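Colleague: output the structure for:
(one chain, ligands or ions: 1)
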Amino acid sequence: MKLQFYKYQGAGNDFILVDNRENTVNHHNPAFVARLCDRRFGVGGDGAMFLENEPGYDFKMVYYNADGQPSSMCGNGGRCIVAFAQYLNVIDTETNFLAVDGPHYAKIAASGDWVSLQMIDVEDINRDAEAYVLDTGSPHYVQLTTGLKEKDVYHEGYAIRNNATYAEKGINVNFVEAADNGGYFVRTFERGVEDETYACGTGVTAVALAMAKHNGQTGTISTPIKVLGGDLNIRFNNDGRHFTNIFLEGPAVKVFEGEITLD
Ligand SMILES: N[C@@H](CCC[C@H](N)C(=O)O)C(=O)O
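Modeller: Residues are numbered from 1 along each chain as shown. As a prediction, this is how the structure comes out:
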């Protein structure tokens, strides 16, 4: 059997996308998805997504981490699947689709490669010593740091993700440093990839909210964030207790497409 796939990236967070509206691909197979995401034996990617039909919505996003396991929400993946849905003519420039954490609205800019994705509202931001811990669709640990460019993100992130508190369910670990433009520089160790990625959408969203809390900022806020793979922006409202109208914004680009033979 041949599988047509598409490769997208959003600020360097890269994904394999498959049009599964006809339900021809049985993706409930961790070894198969992990093999697709393998950078040496497969196509390569931080995750894989299947675009499927869903009554009442434009489409459904089915997301897997690179380890082949289904996971919680992927923000950059969400932006990429929206661009993919436009490429497939499933949507025009706006969409309402269903993901694992519920319904999402998104809008594609006229340029075609900049996607604004509405994220779930957030109420609870907890503390773990100096770090902030919150769920923006996926669980995140946010730690302010210095010297981030030189930081050993793999080993420090790995240690936090695997400590006694987080080992069982896992967590994504974000290190953050203030940047000159009033925004932040962020590097993330991602659960399910078990490595540093070039960007994490739910991660930078968690950082923007945690930093607003840290700085006591309320009102309508827009936070530019630099990651290894480019630039993202998060805008939201904070009334001091609830974070609402949260939008993750950034590039979503088709890199290549191809066909693989499945044995
Ligand atoms: N890359 C993602 C996050 C994907 C899910 C994450 N690895 C997890 O399992 O929590 C993003 O852009 O949000």
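Colleague: wait, residue 181 sits on residue 224?
Modeller: Yes - counting by Cβ atoms under 8 Å, residue 224 is a contact partner of residue 181 at 5.8 Å. (C-beta placed from N, C-alpha, C; glycine too.)
Colleague: please say which of those two ends up with more neighbours.
Modeller: Between residue 181 and residue 224, residue 224 has the larger neighbour count (other Cβ atoms under 10 Å), namely 17 against 11.
Colleague: could you report the neighbour count for the nearest residue to that one once chain neighbours are set aside?
Modeller: In this structure, residue 224 finds its nearest non-sequential neighbour in residue 183, 3.5 Å apart by Cβ to Cβ, 6 or more residues apart in numbering. By the measure other Cβ under 10 Å, the count of residues near residue 183 is 21.
Colleague: equivalent analysis for residue 136, please.
Modeller: Other residues within reach of residue 136, judged by other Cβ under 10 Å, total 30.
Colleague: quick check: the gap between it and residue 149.
Modeller: Distance, residue 136 to residue 149, using Cβ to Cβ, to the nearest Å: 25 Å.
Colleague: what of residue 91?
Modeller: Using Cβ to Cβ, residue 91 is found at 38 Å from residue 149.
Colleague: what do you get for residue 20?
Modeller: 40 Å.
Colleague: those two - which one has more neighbours?
Modeller: The neighbour comparison of residue 20 against residue 149 (other Cβ under 10 Å) goes to residue 20, with 18 against 8.
Colleague: just give the nearest non-adjacent residue to the more buried one, would you?
Modeller: Nearest to residue 20 is residue 50, by Cβ to Cβ, 6+ apart, at 4.2 Å.
Colleague: wait, that neighbour sits on residue 15?
Modeller: No - judged on Cβ under 8 Å, residue 50 makes no contact with residue 15 at a distance of 10.8 Å.
Colleague: between those two, which one's more packed in?
Modeller: Taking neighbours as other Cβ under 10 Å, residue 50 and residue 15 compare with residue 15 leading, 28 against 21.
Colleague: which secondary structure elements does the helix or strand hosting that one contact?
Modeller: In the assignment (DSSP states H and E), residue 15 maps to strand 13-19. The elements that strand 13-19 packs onto, with contact taken as 3 or more Cβ pairs under 8 Å, 6 or more residues apart in numbering; DSSP states H and E, are strand 2-10, strand 47-52, helix 75-87.
Colleague: next, the angle from the next helix or strand after it to strand 2-10.
Modeller: Downstream of strand 13-19, the first helix or strand assigned by DSSP H and E is helix 30-37. Angle, helix 30-37 to strand 2-10, by axes from the mean of the first three to the mean of the last three Cα atoms, to 10 degrees: 60 degrees.
Colleague: okay then, goodbye and thanks.
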